[in-house]
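Enquirer: I would like the atomic coordinates for the input below:
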Amino acid sequence: MRSPTLFVFAVLVGCYGTEPNPVAFCDLDSACIDPRFPYCDIDGTIGGAPGRCMAVDCTPMVFEVCTGDVALVCNATGDSYDRTPCAGGCNATDGCRSFCVAGMAQSCTNDTLVTCNAEGTATVAETCALGCASDSPRCLTFDPSNGLRAALDTAAAEPPITLLSGTQIDTSAGTVNDVMGNPVPLTSMRIQQADGSEIFALVGERFTIHNTNVTGASAVAFVADGPIEIRGLVTARAAMGVGGPGAGACSGGDQDQFMGAVCPTLVSTGAGGGGNAEAGGHGGSRSLNAGAPLTTFTPLRGGCRGGHQRDPLNQIVAFGGGGGGAVQLVSATKVGFVDTGQIDVGGGGGRSTAGGGAGGLIIIEAPTVSFGGLGTGVFANGGSGGGCGLSGVDSGPNTTPAPGRVCANYFSGDGGTATRSPGSGCSTNCSAATCPIVYGGGGGSVGRMRIVTRDGTFGTSGTPLFSVKMSTGQLVAK
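Expert: Sure thing, here's the model as predicted:
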């Protein structure tokens, strides 16, 4: 500590060092307003006279003295002291004593983990979203499905990410660009799945996602240590014959129809719709020509495409509608749909007499999940089959089936929704022996969503809309 210098009043000349102003008093509720005397010596530790405003000349950022359990440290400009409370007491030599081992967990009870701070001077408390472990003072965690554990392990060290309206994600190119086409700085990982497909995983401490469009061949995942908030429409859907991210020509929807395969003449009997939560709609007069339902959530993949219409030489003459995409949300704390937060993984419409694509897959894994307000929802409707010489209709982010085509001679199947099975491209009395002029394609099935939380439930408020087959499960805490 520097020795105080004598302050002498004179008629014409004055100077000051670390000395009190003899006429300015202060306490915790009244600050020192004279810039020449900025420090309030509350208890007289510096100058000996309590409650005096003082001039200070000290070495910046150097510990000066203890006053009880408070360390006085010279401020950055060397003209006052910062008061630092010491949870472990103040040492006259070097200031605050270590209160605990820096970074070490102290206890975990009643869903609250207490950890020593980075300086070892105090403890900090955090809420354990899955509760406390019994083997050591730590919060329980979980292993996300589809190989996303490594992404979750690194998420806490990443910055928080906000995807503003107009963001474009291309999972094939591995790019995330804002509405102006500029790259959004964030960490991404490619996760290889057992079937050879990939997940393009975006990693952040937390995510706030506004209107965002996702395209590409790979499924997409958003992985965060903190909350994930969906505040706009996230589209990962098919557009006609182009599948959404993570959709493919899976066996459930690869039920192509050959012209003349059933009837003796080369008439179009229509291809089946893609399957997902249900079998796709029958196409034409072939009673089994429909995509089979999907039953697993691993690997992460979207809906199956609709069946193509092929000629006798195996050439595609009408492409089936693309399957909806695959999206996975993983958070160590919570996922919330707020404001106009929605996800659409709908299927595409089939061309001509081809089948409609099935809706996709959404997986949400977090201790808590909630949907709030009037504008939130999840949609995974199937596309309709083609017919009447026209393409089918892409599904939309709503609860209404994509309509099939209707004309004088034939029709095609509607797309499936949460409350309606996909429509057939053949009439009620069609059979293998029935060969009308032309039959249309079947509609694609609705997609699926699985929500896995701490207790197997999720919250809703307002009137969120869902058009998806939903299942729930409980996280396996570890």
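
Enquirer: give me the number of residues near A194?
Expert: 9 (other Cβ atoms under 10 Å). C-beta: built from backbone N, CA, C; applies to glycine.

Enquirer: Wait, it touches P299, no?
Expert: Yes. Using Cβ atoms under 8 Å, A194 is in contact with P299, at 6.1 Å.

Enquirer: For stretch 470-478, C-alpha coordinates in PDB please.
Expert: Extracted in PDB, the C-alpha atoms of stretch 470-478 (Å, rounded to 0.1, in the frame of the first residue of the first chain):
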ATOM      1  CA  MET A 470     -47.100 -38.600 -32.900                       C
ATOM      2  CA  SER A 471     -45.500 -40.800 -30.300                       C
ATOM      3  CA  THR A 472     -43.700 -40.000 -27.100                       C
ATOM      4  CA  GLY A 473     -41.000 -41.600 -24.900                       C
ATOM      5  CA  GLN A 474     -38.900 -41.000 -21.800                       C
ATOM      6  CA  LEU A 475     -35.200 -40.000 -21.900                       C
ATOM      7  CA  VAL A 476     -32.800 -42.500 -20.400                       C
ATOM      8  CA  ALA A 477     -30.900 -40.400 -17.900                       C
ATOM      9  CA  LYS A 478     -27.300 -41.400 -17.200                       C
END
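
Enquirer: buried sites along that stretch?
Expert: L475, A477 (16 or more other Cβ atoms under 10 Å).

Enquirer: pLDDT averaged over that stretch - what is it?
Expert: Stretch 470-478 shows a mean pLDDT of 95.

Enquirer: And for stretch 71-87?
Expert: 87.

Enquirer: Give me the contacts around that stretch.
Expert: Residues outside stretch 71-87 that contact it (Cβ atoms under 8 Å, 6 or more residues apart in numbering) are 38-39, 45-46, 55-67, 69-70, 90, 95-97, 99, 121-123.

Enquirer: Buried by neighbour count, from the residues you listed: which ones?
Expert: Using 16+ other Cβ under 10 Å as the burial test, the contacts of stretch 71-87 include 38-39, 45-46, 55-56, 58, 63-64, 66-67, 70, 90, 95-97, 99, 121, 123 as buried.

Enquirer: can you pull the pLDDT of the residue nearest to V114 when sequence neighbours are not counted?
Expert: Setting aside the residues directly before and after it, V114 is nearest to Q106 in space (Cβ to Cβ, 6 or more residues apart in numbering), at 4.4 Å. On pLDDT, Q106 comes in at 89.

Enquirer: Q106 falls within a strand, correct?
Expert: Yes. Assessed with DSSP: H, G, I helix; E, B strand; the rest coil, Q106 lies in a strand.

Enquirer: wait, isn't it in contact with C100?
Expert: Yes. With contact defined as Cβ under 8 Å, Q106 counts as touching C100 (6.4 Å).

Enquirer: Pull up the overlap in contacts between the two.
Expert: Counting by Cβ under 8 Å, 6+ apart, the residues touching both Q106 and C100 are C116, T123.

Enquirer: OK, contacts around G341?
Expert: With the criterion set at Cβ under 8 Å, 6+ apart, G341 makes contact with I209, E229, I230, R231, G232, F371, G373, G375, T376.

Enquirer: ok, for it, nearest residue in space, not its chain neighbours?
Expert: Nearest to G341 is I230, by Cβ to Cβ, 6+ apart, at 3.5 Å.

Enquirer: residues touching that neighbour, list them.
Expert: Contacts of I230 by Cβ under 8 Å, 6+ apart are I209, L329, V335, G336, F337, V338, G341, Q342, I343, T376.

Enquirer: at 10 Å what do you get?
Expert: Residues in contact with I230, defined by Cβ atoms under 10 Å, 6 or more residues apart in numbering, are 207-210, 212, 222, 329, 335-343, 364, 371, 376, 378.

Enquirer: same question, T235
Expert: 211-215, 244-245, 324-325, 327, 342-346, 379, 397.

Enquirer: Return the members of these classed as buried.
Expert: Counted by 16+ other Cβ under 10 Å, the contacts of T235 give 211-212, 214-215, 244-245, 324-325, 327, 342-346, 379, 397 as buried.

Enquirer: Closest one to P144 out of those residues, please.
Expert: V327 (13.4 Å; Cβ to Cβ).

Enquirer: Which element, helix or strand, includes A151?
Expert: Taking DSSP states H and E as the definition, one finds A151 inside helix 149-155.

Enquirer: Tell me which other helices or strands the helix or strand following that helix touches.
Expert: Counting by DSSP H and E, the element after helix 149-155 in chain order, helix or strand, is strand 161-163. When contacts are defined as 3 or more Cβ pairs under 10 Å, 6 or more residues apart in numbering; DSSP states H and E, strand 161-163 sits against strand 198-204, strand 207-209, strand 219-224.

Enquirer: cutoff 7 Å now
Expert: strand 207-209 (3 or more Cβ pairs under 7 Å, 6 or more residues apart in numbering; DSSP states H and E).

Enquirer: partners of the strand it packs on in the sheet?
Expert: According to DSSP bridges, strand 207-209 forms sheet pairs with strand 161-163 (parallel), strand 228-230 (parallel).

Enquirer: for the stretch 251-400 of the chain, which spans come out with low pLDDT?
Expert: 251-268, 285-290 (pLDDT under 70).

Enquirer: One more pass at 90, please.
Expert: 251-272, 281-296, 307-318, 352-353, 373-374, 387-389 (pLDDT under 90).
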